[in-house]
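> please find the sequence and the predicted model below.
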Amino acid sequence: ASAANAHDGARLPALISKANTGSSVWADTAYRSKKNEAFLADGMYSSQIHRKKPKGRPMPAHIARANGKRSVIRAAVEHVFAAQKHRMGLVVRTIGMARARLKIGMANLAYNFTRLAWLEGRSAPA
């Protein structure tokens, strides 16, 4: 969690963990910048960050296809956030980062219990 006035794209280096063994970094267009791309190249990461549409022109077909392939992977992660926001009604408006972290953590816990119940229901013998 970070303050609402902090630009997401500028926080990319703080989000990358050396403990994570994955070599690809997946993100939306807010994270695409020359500085972030250089950071990823220096760290031997593969950038899977969406490309922006050129201003005043249609998006080239090859970039649209590449973004589409990236979207298939990112959709699995984004669905978790959508479920928390819409079905659970998660809105974080708290005073202090500790309260925000707690509220997000509780939403994660509730989502995981819901997901576990759904998965166990699917695997139960008929």
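Okay, I see it.

> in the lengthiest helix in the chain, what's buried?
With secondary structure taken from DSSP state H, the chain has its longest helix at helix 97-123. Buried residues in helix 97-123, defined by neighbour count with 16 or more other CB atoms under 10 Å: Ala100, Lys103, Ala107, Tyr111. C-beta: built from backbone N, CA, C; applies to glycine.

> from Gly121, how far off is the last one?
So the one you mean is Tyr111. According to CB to CB, to the nearest Å, Tyr111 and Gly121 sit 16 Å apart.

> all helices for this protein, in order.
12-15, 34-42, 61-82, 97-123.

> in CSV, list the ones you listed along with distance to Asn5 and mean pLDDT.
Conversion of the helices of the chain to CSV gives the following (distance: least, CB to CB, whole Å; pLDDT from 0 to 100):
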stretch, distance to Asn5, mean pLDDT
helix 12-15, 16, 86
helix 34-42, 19, 92
helix 61-82, 20, 91
helix 97-123, 13, 91
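
> what would those helices look like in a markdown table with distance to Gly89?
Below are the helices of the chain laid out as a markdown table (distance: least, CB to CB, whole Å):
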| stretch | distance to Gly89 |
| --- | --- |
| helix 12-15 | 26 |
| helix 34-42 | 32 |
| helix 61-82 | 12 |
| helix 97-123 | 9 |
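
> of all those helices, which one comes closest to His50?
Across the helices of the chain, the minimum distance to His50, taken as CB to CB, is reached by helix 61-82, at 5.1 Å.
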